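here are the coordinates; sequence isn't available:
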């Protein structure tokens, strides 16, 4: 870099002069940076839109193109307090009778209350209390037998065993156990309901028997105060056929029944399984809602106001504006990025045409209008919502809520035609998007815009900006070098003039 002299001899403001000379050349750098920034914003806008398109493609469209997605059934229960039902795909349309004679229960042992001393005074035992403090001072070694689900396990105890350790031993052996210090009782329960999961507790030896008495767990002795409730299997009668199980849930012929209470002596609960017309309606409504949101946004982006004369700002330009002015300026640019974009227009038009052209059902061409689904009139629909579809009779749509609900009527009376139509429509749109999102030389898979081309252009701008900045630096150095040479020449002239003057006696 040449030495930069600041007009020491000439008195000129060389810094300002060079700055002005360079500023004219800097416009090329700024223009390239603005173009790159605008390209980055365009990429971001496309990424956001492409995400919504692929969401529709991979989710709703992928699902609705299969007949099985519409085969929804629902089961109504005449007494929801007794049972609830989940209806599977294999369930048949039917009316069935249900009686519940027993609920599945766990085995449960409530120990006798502890805490009475020799004089009858109240005691307060905790999980840290040793068994010796419960009157088992001489217990060196004893054993208890716990049988869970037919498997017997031995629990060793001694006078130094704490209540907490004993509770943990019960748990390790396969049951739920706790000691409630507030009530001074042990509580034991099987981990699962049903007879197969029940448990029993007995002594392994004489010391173990004494321990059961002191611990309030000798439930076989009716005078001890301990109470054991045996486990119970669930028992139901569906259409007069008896079913039993260890749980309160039964899976029978496509239905998953969960029983919550037994029926009264003369009570019969009715289970009515039928096509879920609401489910089919909600699927169609959900598809239209997602499609409308997408097509409205595409129209808004395509029809955006022009931002002619607006470009991304340089840092110097931002410094001259307030934050709100910068935000407003950049918003105007970003909102217009896909205005009249040819790719956007092509994709948007393709989706609209699929919605308009209809589907052949049983040899007849049917359209969305046949199901009470249409766009609003041109003068009624808001701007950029003229291609959105509305369902007649939709209570959530103020525009069409008062119209006859043709879609629900057709689902109830001719569900096959409704399903065939929307399967066909979904497949047509899915196929169209599959073609448009195929990988090409300029775009990646599952992408409707030329993301690969845009990335290359962005990288090219990076190289171009670097080259322009290097040329600008060279241009600046050239002018500083010229002014330095001028200053040096003027210094020599002044030196020579001074010498001449001295010789002449000046």
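Great, that's in hand. Everything numeric here is computed off the predicted structure, so don't read it as measured data.

all helices for the stretch 101-250 of the chain, in order.
Taking DSSP state H, counting those that start in this stretch, the helices of the stretch 101-250 of the chain run over residues 163-172, 206-215.

Quickly, which of the ones you listed bottoms out on average pLDDT?
For the helices of the stretch 101-250 of the chain, the weakest mean pLDDT is recorded on helix 206-215, namely a mean of 93.

Tell me how far the residue nearest in space to the middle of the chain lies from residue 292.
Computing the C-alpha centroid of the chain and ranking residues by C-alpha atoms, centre = their mean puts residue 55 first, at 12.4 Å. According to C-beta to C-beta, to the nearest Å, residue 55 stands 14 Å off from residue 292. (Glycine included, C-beta is placed from N, CA and C.)

Setting aside sequence neighbours, what's the nearest residue to residue 193?
Nearest in space to residue 193, with sequence neighbours left out and distances taken as C-beta to C-beta, 6 or more residues apart in numbering, is residue 104 at 3.9 Å.

tell me the SS of the residue nearest to the centre of the chain?
helix (DSSP: H, G, I helix; E, B strand; the rest coil).

The residue lying closest to it once chain neighbours are set aside in helix, strand or coil?
Nearest non-adjacent residue to residue 55, counting by C-beta to C-beta, 6+ apart: residue 290, 7.8 Å away. Put simply, residue 290 is helix when judged by three-state DSSP.

follow-up on the earlier one: of all the helices of the stretch 101-250 of the chain, which one is nearest residue 443?
helix 163-172 (60.4 Å; C-beta to C-beta).

Where does pLDDT dip in the protein?
1-22, 24, 116-122, 472, 475-477, 479-491, 493-506 (pLDDT under 70).

Can you name the residues bridging to the nearest residue in space to residue 170 that is not next to it in sequence?
Spatial nearest neighbour of residue 170, excluding adjacent residues (C-beta to C-beta, 6+ apart): residue 177 at 3.6 Å. Residue 177 has these beta-bridge partners by DSSP bridges: residue 188.

Residue 177 and residue 188, how far apart?
From residue 177 to residue 188 the distance is 5 Å (C-beta to C-beta).

before we move on, what about residue 314?
From residue 314 across to residue 188, the span is 78 Å (C-beta to C-beta).

Near the residue nearest to residue 338 when sequence neighbours are not counted, how many other residues are there?
Excluding the flanking residues, the one nearest residue 338 by C-beta to C-beta, 6+ apart is residue 301, at 4.2 Å. As a burial measure, residue 301 scores 22 neighbours (other C-beta atoms under 10 Å).

contacting residues around residue 301?
Going by C-beta atoms under 8 Å, 6 or more residues apart in numbering, residue 301 touches 45, 49, 337-339, 341, 344.

and what of residue 453?
Residue 453 touches 442-443, counting by C-beta under 8 Å, 6+ apart.

for it, helix, strand, or coil?
helix.

From residue 301, how far off is it?
For residue 453, the distance to residue 301 equals 19 Å [C-beta to C-beta].

Please apply the same query to residue 347.
Distance from residue 347 to residue 301, by C-beta to C-beta: 11 Å.

and what of residue 404?
Going from residue 404 to residue 301 by C-beta to C-beta gives 35 Å.

which residues of the stretch 251-400 of the chain fall in strands?
255-259, 269-275, 359-361, 364-366, 373-375, 389-391 (DSSP state E, counting those that start in this stretch).

Report the angle between the second one and strand 255-259.
So that's strand 269-275. Note on geometry: by axes from the mean of the first three to the mean of the last three C-alpha atoms, to 10 degrees, strand 269-275 and strand 255-259 are set 150 degrees apart in direction.

For burial, what's the neighbour tally of residue 187?
Residue 187 sits with 15 neighbouring residues when counted by other C-beta under 10 Å.

Likewise for residue 96?
Neighbour tally, residue 96, other C-beta under 10 Å: 19.

what does residue 57 give?
Using other C-beta under 10 Å, residue 57 has 19 neighbouring residues.

Contacts only, for it.
For residue 57, the contacting residues are 430, 433-434, 437, 446, by C-beta under 8 Å, 6+ apart.

residues making contact with the strand ranked longest in the chain?
Counting residues, the longest strand found in the chain (DSSP state E) is strand 94-102. Residues outside strand 94-102 that contact it (C-beta under 8 Å, 6+ apart): 82-83, 232-240, 257, 259, 261-263, 267-273.

Residue 387 against residue 299, yeah?
Yes. Between residue 387 and residue 299 a contact is recorded at 6.2 Å, counting by C-beta atoms under 8 Å.

before we move on, back to that, I'd like the contacts of residue 301 laid out as TSV, including neighbour count and distance to residue 412.
Listed next are the contacts of residue 301 as TSV, based on neighbours: other C-beta atoms under 10 Å; distance: C-beta to C-beta, whole Å:
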residue	neighbour count	distance to residue 412
45	19	43
49	19	37
337	18	47
338	21	42
339	14	45
341	19	43
344	20	40
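
Which two among these are spaced furthest apart?
For the contacts of residue 301, the maximum inter-member distance is 13.4 Å, found between 49 and 339 (C-beta to C-beta).

hang on, the earlier thing: what touches both of residue 177 and residue 188?
residue 170.

Which one of the two is surrounded by more residues?
Comparing residue 177 with residue 188 by other C-beta under 10 Å, the one with more neighbours is residue 188, at 23 against 18.
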